[in-house]
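Colleague: coordinates for the following, if possible.
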Amino acid sequence: MSKVFIKSVQEAGIEPEDIRQAFEWLDWEHIIPEGARVFVKPNLTWPTPLPGVTTTPKAMESLTIVLKERTDHITFGESDGGYHAYDVEEAFEGHNLYELRDRYGISVVNLTDLPSETVEGVIAGKKVAANLPCMLLHDIDVFITMPVPKTHVMTRVSLGFKNQWGCVPSPMRLREHYAFDHKIVLINKLLKPKLAVMDGTYFLDGAGPMTGDTIPMKLLIVEDDIDFAEALS
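Modeller: You can find the predicted model right below:
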């Protein structure tokens, strides 16, 4: 049975103990084997932290500290900004990921620069294809998505599955939005996220996903099942 953990956090943001409590409640030792190759996909849709828009540096550091208790093979990654708006290395720098790399020995990768391959599938009776980094398809044991709960002009809300759109390496991925509904399901089927660690320090209301009303919510939301794809395939 799927489980969702929700906890109010302090003003300072999500602490390691908050994530540790969530993971223990979800029986994380059965989700993340010792020594597993873990990939974390934050939401870095802007070069610098934007409350309610990007995953907070505090939450990413707290997740790193807890994951280090199970494995030394931790990678954070994101693709370049849409329409070449910015190089994702700017976002890595702005969100302190290089500092986390140097302090905790994690890896940080630009998905746009990695070798990729196109994979086809049938979703809701329609044949679709998605181009994804080979690393995510073949060299990862546990995929963790780390989104921000917010509204979205196209999908109404952006929860545990929408964040994986940023795994499409091409900065021109916005041109594929005409087939978004089917492609995002295929992407999630291929990547098989094991955990969604939602950084609810802030929510975003309004048009979204980049502009709107920032709402301090001070929540950590962790779920162990976003595999809705089989029901739609």
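Colleague: can you name the residues bridging to residue 193?
Modeller: Beta-bridge partners recorded for residue 193 (DSSP bridges): residue 143.
Colleague: wait, residue 32 sits on residue 68?
Modeller: No. The pair residue 32 / residue 68 is not scored as a contact, 11.3 Å apart, by C-beta atoms under 8 Å. Bear in mind the C-beta positions are built from the backbone N, C-alpha and C, glycine included.
Colleague: between the two, who's got more neighbours?
Modeller: Remark: of residue 32 and residue 68, residue 32 carries more neighbours, 21 against 14, as counted by other C-beta atoms under 10 Å.
Colleague: gap between that one and residue 56?
Modeller: 22 Å (C-beta to C-beta, to the nearest Å).
Colleague: going along the chain, name the helices of this structure.
Modeller: 16-25, 57-67, 88-94, 97-104, 134-138, 180-191, 229-232 (DSSP state H).
Colleague: and the ones you listed as TSV, adding mean neighbour count and distance to residue 149?
Modeller: Shown next, in TSV, are those (neighbours: other C-beta atoms under 10 Å; distance: least, C-beta to C-beta, whole Å):
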stretch	mean neighbour count	distance to residue 149
helix 16-25	18	15
helix 57-67	22	12
helix 88-94	19	19
helix 97-104	16	21
helix 134-138	15	23
helix 180-191	21	17
helix 229-232	12	21
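Colleague: which of those has the lowest mean pLDDT?
Modeller: Ranked by mean pLDDT, those bottom out at helix 229-232, with a mean of 36.
Colleague: and the end-to-end length of stretch 135-149?
Modeller: From its first residue to its last, stretch 135-149 covers 27 Å (C-alpha to C-alpha, to the nearest Å).
Colleague: over to stretch 50-59?
Modeller: Stretch 50-59 stretches 13 Å from its first residue to its last (C-alpha to C-alpha).
Colleague: in that stretch, what's buried?
Modeller: 50, 52-59 (16 or more other C-beta atoms under 10 Å).
Colleague: once you drop chain neighbours, what's closest to residue 35?
Modeller: Spatial nearest neighbour of residue 35, chain neighbours left out: residue 71 (5.3 Å); criterion: C-beta to C-beta, 6 or more residues apart in numbering.
Colleague: typed the wrong thing, it's residue 150
Modeller: Nearest to residue 150 is residue 204, by C-beta to C-beta, 6+ apart, at 3.4 Å.
Colleague: burial measure for that neighbour, as a count.
Modeller: Neighbour number of residue 204 under other C-beta under 10 Å is 24.
Colleague: verify the contact between it and residue 157 for me.
Modeller: No. Distance between residue 204 and residue 157: 9.9 Å, which falls outside the contact criterion (C-beta under 8 Å).
Colleague: any residues in contact with both of these two?
Modeller: Both residue 204 and residue 157 are contacted by 149-151, under the criterion C-beta atoms under 8 Å, 6 or more residues apart in numbering.
Colleague: now for these, which sits with the most neighbours around it?
Modeller: residue 150 (26 neighbours).
Colleague: now it: how far from residue 80?
Modeller: In terms of C-beta to C-beta, residue 150 sits 21 Å off from residue 80.
Colleague: repeat that for residue 87.
Modeller: Distance, residue 87 to residue 80, by C-beta to C-beta: 6 Å.
Colleague: over to residue 71?
Modeller: If you go by C-beta to C-beta, the gap between residue 71 and residue 80 works out to 27 Å.
Colleague: the more surrounded of the two?
Modeller: residue 80 (23 against 16).
Colleague: quick one: contacts for the more buried one?
Modeller: 86-88, 110, 112, 171 are the contacts of residue 80 under C-beta under 8 Å, 6+ apart.
Colleague: equivalent analysis for residue 138, please.
Modeller: Contacts of residue 138 (C-beta under 8 Å, 6+ apart): none.
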